[in-house]
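>>> here is my input; please provide its structure:
(2 chains)
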Amino acid sequence: MSKERAEEFFNTFKKTAEFVKELLHDNERLRFQIARLEEELKSFKNRGVSIDAHAECHKKIALLEAEKQELLERFKEVENENKNFAEKYVEVENENNNLANLYIASYQLHSTLNFKEVVQIIMEIVINLIGAEIFVLFILDEKTNELTPIATEGLDISEVTNAKLGKGIIGKAAKSGENYFSEIIPMFEQFEQELPIACIPLKIKERTIGVIAIYKLLLQKERFTDLDYELFTLLAGHAATAIFSAKLYSESERKLSTIQGFIDLLTK
Amino acid sequence: MASINILVVEDSPTMRQLIVFALKRLKDVSVTEASDGVDGLKKLSNNKFDLMIADINMPIMDGLKLVSLVRQDAKYKGMPIIIVTTEGAEEDKKRGLTLGANAYLTKPVQTTQLIATVKELLKI
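Below is the predicted model of the structure:
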């Protein structure tokens, strides 16, 4: 029994000795850390940095960080503003170009009173500014109520027949005065007069004097653009007045020469 | 006195006016117009040009013939040429560029695109 107790006592003593050894080790480590920190403090003091100054630096760093964050946000804002300006610039530039196109088209249309030249200018606008490859310009004969083809592009004029006012897509567009656009632009296979992709009635106020029927766009042109719709609106009015004025002018010229002939006959 | 001279060879007065109108927005640019290839050649021989813009489909002499003749002239070997045409097929483009054009734009041409090409070729 006493042997057992002695063994127990010995074990407890052994554990206590180990614990004390550990404590001594920790103590050594802490002493070393204190010595290091004291050394550091001394070096700060030597460099003239007090603990207060150190804290001040931390404060300043925090302030600068906040300022940096604020500047970054401002930069982001300015960048967005810049992007908006760039987008607006492109928009204005496009609008400017569109207006230039419209101005030139209308200027050209009213640059002559020669009927043939007016027709030529209309054709040029539809080819170069709209990008149509096959189209027909019809003029309405008010006596017969028929639309007669007077100019074609991409096909022979003999392939086109007169269209009755109010009949078919072309006739209906002419009668209603409303532009017609086919919902889809199908692959062009062959010319079918009754299947245009667009019909633009040429009108003076509510009076239709002709129609432009488009059948095919240029290879590189897939669909009509916003500018095209504006050009169509311009063509509808300006081409009509240009045609009408040119017709009136040639008629008046003819009448004038007839009257002049009579006057010459009477006075000689 | 303009420092950049550009020749525009185009038979359509509407298209010509549109190109001239766009080019005049550039600084120090003087534009000369020609209505076909022969007229273009005449103007090229009488003046010095920094760039030429030409259509393909023109009466008397077409744009492709004009480009090949211009490239044979030592005076205009290095002059940038832009073709502006309705011919949008890839083979037409290849032909135009092989003959000596520097850029090939198809109608209906965006004037912003035309100006950007002119600026790029003239490095202005």
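>>> residue ranges with poor pLDDT in the stretch 51-200 of chain A?
A:51 (pLDDT under 70).
>>> so the closest residue to chain A within chain B, which state does it fall into?
Closest to chain A within chain B is B:G88: 3.3 Å, counting by CB to the nearest CB. Every residue, glycine included, has its C-beta placed from N, CA and C. The three-state assignment at B:G88 reads coil, by DSSP: H, G, I helix; E, B strand; the rest coil.
>>> what helices or strands is the strand or helix carrying A:S257 leaning on?
Per DSSP states H and E: A:S257 is located in helix A:240-267. Applying 3 or more CB pairs under 8 Å, 6 or more residues apart in numbering or on different chains; DSSP states H and E, one finds that helix A:240-267 makes contact with helix A:115-124, strand A:198-204, strand A:207-217.
>>> buried set for the next helix or strand along the chain from the last one?
Meaning strand A:207-217. Sequence-wise, the next helix or strand downstream of strand A:207-217 (DSSP H and E) is helix A:226-234. Residues of helix A:226-234 classed as buried by neighbour count (16 or more other CB atoms under 10 Å in any protein chain shown): A:227-228, A:231-232, A:234.
>>> quick one: low-confidence parts of chain B?
Low-confidence segments of chain B (pLDDT under 70): B:1-2.
>>> near chain A, which residues of it show up?
Contact residues, chain B versus chain A (CB under 8 Å from any CB of the partner chain): B:12-15, B:17-18, B:21-22, B:86, B:88-89, B:106-108, B:110-112.
>>> just the buried residues of the residues you listed.
Applying 16+ other CB under 10 Å to the residues of chain B next to chain A, the neighbour count classes B:12-15, B:17-18, B:21-22, B:86, B:88, B:106-108, B:110-111 as buried.
>>> show the backbone phi and psi for the residue lying closest to the residue of chain B closest to chain A once chain neighbours are set aside.
Nearest residue to B:G88 in three dimensions, chain neighbours excluded: A:Q220, at 3.3 Å (CB to CB, 6 or more residues apart in numbering or on different chains). Note on A:Q220: its backbone torsions stand at phi -80, psi 0 [degrees, to the nearest 10].
>>> pull the contacting residues for A:Q220.
Going by CB atoms under 8 Å, 6 or more residues apart in numbering or on different chains, A:Q220 touches A:131, B:88, B:106.
>>> distance-wise, check A:L265 relative to B:N46.
From A:L265 across to B:N46, the span is 52 Å (CB to CB, to the nearest Å).
>>> point to the residue nearest the middle of the chain.
The chain I'm using is chain A. A:E91 (7.2 Å; CA atoms, centre = their mean).
>>> um, chain B though
Central residue of chain B (CA atoms, centre = their mean): B:I53, 0.9 Å from the mean position.
>>> the contacts of A:Q220 into TSV, with extra columns for distance to A:A53?
Output for those, formatted as TSV (distance: CB to CB, whole Å):
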residue	distance to A:A53
A:G131	75
B:G88	74
B:T106	72
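>>> which one of these is nearest to A:I214?
Taking CB to CB as the measure, A:I214 lies nearest A:G131 of these, at 9.8 Å.
>>> neighbours of that closest one, how many?
Residues contacting A:G131 under the criterion other CB atoms under 10 Å in any protein chain shown number 23.
>>> for B:I56, which three-state class applies?
Recorded secondary structure, B:I56: coil (three-state DSSP).
>>> quick one, what contacts it?
B:I56 makes contacts with B:62-64, B:83, B:85-87, B:92, B:96, as judged by CB under 8 Å, 6+ apart.
>>> which of those residues sit farthest apart?
Based on CB to CB, the longest span within those runs between B:L64 and B:T86 and measures 13.5 Å.
>>> ok, back up a step: next one: the residue nearest to the centre of chain B from A:I204, what distance?
As judged by CB to CB, B:I53 and A:I204 stand 36 Å apart.
>>> could you do A:V90 as well?
Plainly put, A:V90 is 36 Å away from A:I204 if you go by CB to CB.
>>> now A:Y89
Distance of A:Y89 to A:I204, computed by CB to CB: 38 Å.
>>> swap in A:K3?
Distance from A:K3 to A:I204, by CB to CB: 133 Å.
>>> between these two, which one's more packed in?
Using other CB under 10 Å as the criterion, A:K3 and A:I204 rank with A:I204 on top: 14 against 7.
>>> excluding chain neighbours, what is closest to the more buried one?
The shortest distance from A:I204 to any non-neighbouring residue, by CB to CB, 6+ apart, is to A:A240 (4.9 Å).
>>> likewise for A:K221?
Nearest non-adjacent residue to A:K221 (CB to CB, 6+ apart): A:G131, at 4.0 Å.
>>> could you count how many residues lie near A:N80?
Close neighbours of A:N80, defined as other CB under 10 Å, add up to 10.
>>> what do you get for A:T161?
When neighbours are counted by other CB under 10 Å, A:T161 comes out with 10.
>>> shouldn't it be in contact with A:E194?
No - between A:T161 and A:E194 there is no contact under CB atoms under 8 Å: 10.1 Å.
>>> for the nearest residue to A:L235 once chain neighbours are set aside, what are its contacts?
Distances taken as CB to CB, 6+ apart place A:I200 nearest to A:L235, at 5.9 Å, with adjacent residues excluded. Shown in contact with A:I200 (CB under 8 Å, 6+ apart): A:173, A:179, A:211-212, A:214, A:232, A:235-236.
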